[in-house]
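got a sequence here, can you model it:
(chains A, B, C, D, E and F)
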Protein chains: 4
Amino acid sequence: MPRPRSDDKRAAIMSAATRIVAAQGLGAATAAIAKEAGVSNGSLFTYFDTKADLFNHLYLELKSDMGAAALGGLPDGAGPREQLLHMWTGWLRWAITQPDKRRALAQLQVSDEITTATHETASRAMAGVAVIMERGRENGPLKDAPLAFVITLANALAEATIDYALKDPENAETHGRSGFDALWRIFGG
Amino acid sequence: MPRPRSDDKRAAIMSAATRIVAAQGLGAATAAIAKEAGVSNGSLFTYFDTKADLFNHLYLELKSDMGAAALGGLPDGAGPREQLLHMWTGWLRWAITQPDKRRALAQLQVSDEITTATHETASRAMAGVAVIMERGRENGPLKDAPLAFVITLANALAEATIDYALKDPENAETHGRSGFDALWRIFGG
Amino acid sequence: MPRPRSDDKRAAIMSAATRIVAAQGLGAATAAIAKEAGVSNGSLFTYFDTKADLFNHLYLELKSDMGAAALGGLPDGAGPREQLLHMWTGWLRWAITQPDKRRALAQLQVSDEITTATHETASRAMAGVAVIMERGRENGPLKDAPLAFVITLANALAEATIDYALKDPENAETHGRSGFDALWRIFGG
Amino acid sequence: MPRPRSDDKRAAIMSAATRIVAAQGLGAATAAIAKEAGVSNGSLFTYFDTKADLFNHLYLELKSDMGAAALGGLPDGAGPREQLLHMWTGWLRWAITQPDKRRALAQLQVSDEITTATHETASRAMAGVAVIMERGRENGPLKDAPLAFVITLANALAEATIDYALKDPENAETHGRSGFDALWRIFGG
DNA sequence: CATGAATGAGCCTTCATTCAT
DNA sequence: GATGAATGAAGGCTCATTCAT
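Take a look at the predicted model:
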């Protein structure tokens, strides 16, 4: 029985990649990522076939991590607004406390290394978010718009809010509230 | 900066860079850009000191081009909603008819090659947009939010709308309208 | 050299190496050979110290395999021409029915990974062939040439014949005959 | 006007490649070749697109160089045997005085990096040799064999002769003569 | 002994930038 | 100024070999 492939090592590479990509962009050297992960140059390639493969997996992980943060501890019987607010808050906390993940995700989102298939899987991983959103916009002015459009819109709003909250951290709370109010107004609230 | 002789050549490089960056990302070779521009390898460097320099200038140009498209032919005496709508429409038309410019701009926006100084200059170049926005949100729920935050928000909304209009071109008009309505609702309309 | 347990596995590696080298050349990865042999990556190195070691052994085996094919079922009391013809025929059949072995051998022959010692051992393994050749050229115009030279010559002739027979398989028989006649003429027949 | 591409440099690379390939085989690093040529690492790639490209060109050059050596100063009105002998002698001298070229050529010949197209061009470059050969085998026992087969045969004979002459240089002359006699006998002389 | 993950040197090729012409 | 050849530092990836299990 050989040394088994280590999940820890794989995770270390992912985490290192997040940090390095956040700091240096997608042009970062795989060697830099490996080093940051405390792993040899070549080892990276036993866990991921190519740099692009690593990036695709990283994208998937970050996206679903973000989704989980948004959905965790959701109050069951709450109304649409409360659920939406809970999600919004989780989302913002995730982004603000882990800016590296967000930066890396932003880079990956516009990269053409990310496959269409990966993009699709990723959006499927956000299904929970979609449900909340669906309930939020119900009967509102966007009730007939495609759900995907609504999600894109909300995402954009969140991104903008986070951007601003990070630039002006002292008033992060206030900005977060403003952003949510704006979202709720979009939904007709 | 001594202005090199031919402004045409400089413009050709900018335009070529837009196309190439849109197609290949920021990793595109300067040689590829030069070739697309019909200019020699080395000539590019008489017009721009470094690749990063080219990108910074390109970012500036694209951003101000976008601003101009949003502000062109603005009806003078019109009310805030009409002005905002005019801007919104121009913005969308610009993005939809010139997807290369938009794609390139998106790449540049998240690049760490773009100086803080460049970012500042760029936002200053959007001053006209800011004025319209200021009038639009006046007295609304966002009246006390920092203007930059409002702009970021509106920008994000527009990006999302464009994204969706490009994905579903047949209903581009409808999506554009939905997006604007959402914006107007954010402003309390 | 401690003989490892399974001779089967060793043989499987040799056979796999033949196929892979024939197909991909000497640059083939040891991992590819191991996989083709149905053996693990590392196991290969319990049977052969290094890649070069494997190649040297393979060279030896292929060469002696070829020799055996040439000498098998030799008619005892026959005259020199008949013995030579028998050998010639066996040789050609070996090469034509097992092109992989031949291709691999050709690659190994020019490789500088093959030791001088290996080359010597190999030629010693062809002693049987030498005997036949010796009788064939006896009293002929090449009687005073070094035997090794004669063998080289005959080998070259055979190679050329095989090359051509493989390129034009329909007339393989004819080419084989032509080649042998040429050889016999060299010997003064 | 930029620095023009230098034929000298190109030739230096070819020549360096010959030496390095002769010494280290086709696995030799392009960097080693560049260094031997007194040229920078990257320069090699302005003269040849890839390593394989370099090898294809090298193969062509060596082959035609060999052809030229075999055909140079051919006596015009001479009979077939004299022409053949002249060719044979030229060939051997080429091989013996420039063993690197011959070794490199041998490696390239069995490489699968050499395109079919290259092989064809190369054989076309040996057309002059074919003419002599045609005359030499005229009316002899090989008169009905495909010419290409005859050439292959003669080539093989020459190779064997050269091999032996190089191993035993003191009697090179004698071996060369023996080889030629053998060839002539093949042709029925 | 078998396995296959780990290692890191090494390779081909690309590319921003310089500079001879 | 214009050109494109020259440069050499990287970079992604491979692979023979080792070694923990």
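
what's the weakest-modelled helix or strand in chain A?
helix A:147-167 (a mean of 86; mean pLDDT, DSSP states H and E).

what about the nearest residue to residue A:93 once chain neighbours are set aside, which SS state?
Take residue A:93 and drop its neighbours on the chain: the residue closest to it by CB to CB, 6 or more residues apart in numbering or on different chains is residue A:69, 7.0 Å away. Every C-beta, even on glycine, is put in place using the N, C-alpha and C of the backbone. Of the three states, residue A:69 takes helix under DSSP: H, G, I helix; E, B strand; the rest coil.

now do the one 5 residues further on
Going by three-state DSSP, the secondary structure assigned to residue A:74 is coil.

isn't it right up against residue A:86?
Yes: counting by CB atoms under 8 Å, residue A:74 touches residue A:86, with 5.9 Å between them.

and these two? Which one has more around it.
It is residue A:86, of residue A:74 and residue A:86, that has more neighbours when counted by other CB atoms under 10 Å in any protein chain shown, with 18 against 15.

now that one: how far from chain D?
57 Å (CB to the nearest CB, to the nearest Å).

tell me the contacts of that residue?
Contact criterion CB atoms under 8 Å, 6 or more residues apart in numbering or on different chains gives A:73, A:74, A:75, A:78 as the residues in contact with residue A:86.

from those, keep the buried residues only.
Buried members of these, counted by 16 or more other CB atoms under 10 Å in any protein chain shown: none.

can I get the residues you listed in TSV including distance to residue D:160 and pLDDT?
Listed next are the contacts of residue A:86 as TSV, based on distance: CB to CB, whole Å; pLDDT from 0 to 100:
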residue	distance to residue D:160	pLDDT
A:73	84	85
A:74	84	86
A:75	90	84
A:78	91	86
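
so which of these is the closest to DNA strand E?
Among the contacts of residue A:86, residue A:73 lies closest to DNA strand E (CB to the nearest atom of the strand), at 34.7 Å.

nearest spatial neighbour of the residue in chain A that chain B sits nearest to, skipping sequence neighbours?
For chain A and chain B, the shortest gap (CB to the nearest CB) falls at residue A:156, measuring 3.6 Å. Of all residues not flanking residue A:156 in the chain, residue B:156 sits nearest, at 3.6 Å (CB to CB, 6+ apart).

got the residues of chain A near chain B?
Neighbours of chain B within chain A, by CB under 8 Å from any CB of the partner chain: A:24-27, A:106-107, A:110-112, A:141-142, A:145-146, A:148-149, A:152-153, A:155-157, A:159-161, A:163-164, A:168, A:175, A:178-179, A:181-182, A:185-186, A:188.

kindly state the domain boundaries assigned to chain A.
Domains of chain A are assigned by automatic domain parsing as A:1-48, A:55-186.

buried set for stretch A:51-59?
Those would be A:51, A:52, A:54, A:55, A:56, A:57, A:58, A:59, for stretch A:51-59 by 16+ other CB under 10 Å.

assign the nearest residue in space to the fifth one that is not next to it in sequence to helix, strand or coil.
Nearest residue to residue A:56, sequence neighbours excluded (CB to CB, 6+ apart): residue A:118, at 4.6 Å. Reducing the assignment to helix, strand or coil with three-state DSSP, the entry for residue A:118 is helix.

pretty sure residue A:118 contacts residue A:54?
No: look at residue A:118 against residue A:54 with CB under 8 Å: they stay out of range, at 11.8 Å.

residue contacts, residue A:61?
residue A:14.

that one and DNA strand F, how far apart?
18 Å (CB to the nearest atom of the strand, to the nearest Å).

quick check on that residue: phi, psi?
phi -60, psi -50 (degrees, to the nearest 10).

so where is chain A shaky, pLDDT-wise?
A:1-3 (pLDDT under 70).

which positions in chain A make contact with chain D?
Counting by CB under 8 Å from any CB, chain A has no residue next to chain D.

among the residues of chain A next to chain B, which ones are buried?
The buried subset of those (16+ other CB under 10 Å) comprises A:25-26, A:106-107, A:110-111, A:142, A:145-146, A:149, A:152-153, A:155-157, A:159-161, A:163-164, A:175, A:178-179, A:182, A:185-186.

was I right about the residue nearest to residue A:156 contacting residue A:164?
No: judged on CB under 8 Å, residue B:156 makes no contact with residue A:164 at a distance of 10.4 Å.

nearest to DNA strand F, of the buried residues of stretch A:51-59?
residue A:51 (3.5 Å).

which residues in chain A form strands?
Counting by DSSP state E, no segments of chain A form strands.

quick one: the helices in it, in order.
Secondary structure of chain A, counting by DSSP state H: helices at A:7-24, A:30-36, A:44-47, A:51-71, A:80-97, A:99-110, A:116-125, A:127-137, A:147-167, A:172-186.

the fourth one vs DNA strand E: in contact?
No: using CB under 7 Å from any atom of the strand, no contact is recorded between helix A:51-71 and DNA strand E, whose separation bottoms out at 13.5 Å.

how big is the angle separating that helix from helix A:116-125?
10 degrees (axes from the mean of the first three to the mean of the last three CA atoms, to 10 degrees).

in chain A, which residue sits nearest DNA strand E?
For chain A, CB to the nearest atom of the strand, closest residue to DNA strand E: residue A:42, 1.8 Å.

now that residue: how far from chain D?
19 Å.

what does chain A put close to DNA strand E?
So far as CB under 7 Å from any atom of the strand goes, chain A lies against DNA strand E at A:1-6, A:9, A:39-43, A:45-47.

widest-spaced pair of these?
A:1 and A:41 (25.6 Å; CB to CB).

who's more crowded, the two?
Applying other CB under 10 Å to residue A:1 and residue A:41 shows that residue A:41 carries more neighbours, namely 12 against 3.

contact partners for the more buried one?
Contacts of residue A:41 by CB under 8 Å, 6+ apart are A:30, A:31, A:34.

number of nearby residues for the first one?
Applying other CB under 10 Å, we find 18 other residues in the vicinity of residue A:30.

and it, what is it in contact with?
Applying CB under 8 Å, 6+ apart, the residues contacting residue A:30 are A:41, A:44, A:45, A:51, A:54.

which one among those gets closest to residue D:133?
Using CB to CB, those come closest to residue D:133 at residue A:45, 52.7 Å.

who's in contact with the residue lying closest to residue A:155 once chain neighbours are set aside?
Closest residue to residue A:155 apart from its sequence neighbours, by CB to CB, 6+ apart: residue B:160 at 7.2 Å. The neighbours of residue B:160, taking CB under 8 Å, 6+ apart as the test, are A:149, A:152, A:153, A:155, A:156, B:179.

now flag whichever of those is closest to DNA strand F.
Using CB to the nearest atom of the strand, the contacts of residue B:160 come closest to DNA strand F at residue A:155, 28.6 Å.

doesn't residue B:110 make contact with residue A:110?
Yes: with contacts counted by CB under 8 Å, residue A:110 reaches residue B:110, the gap being 6.2 Å.
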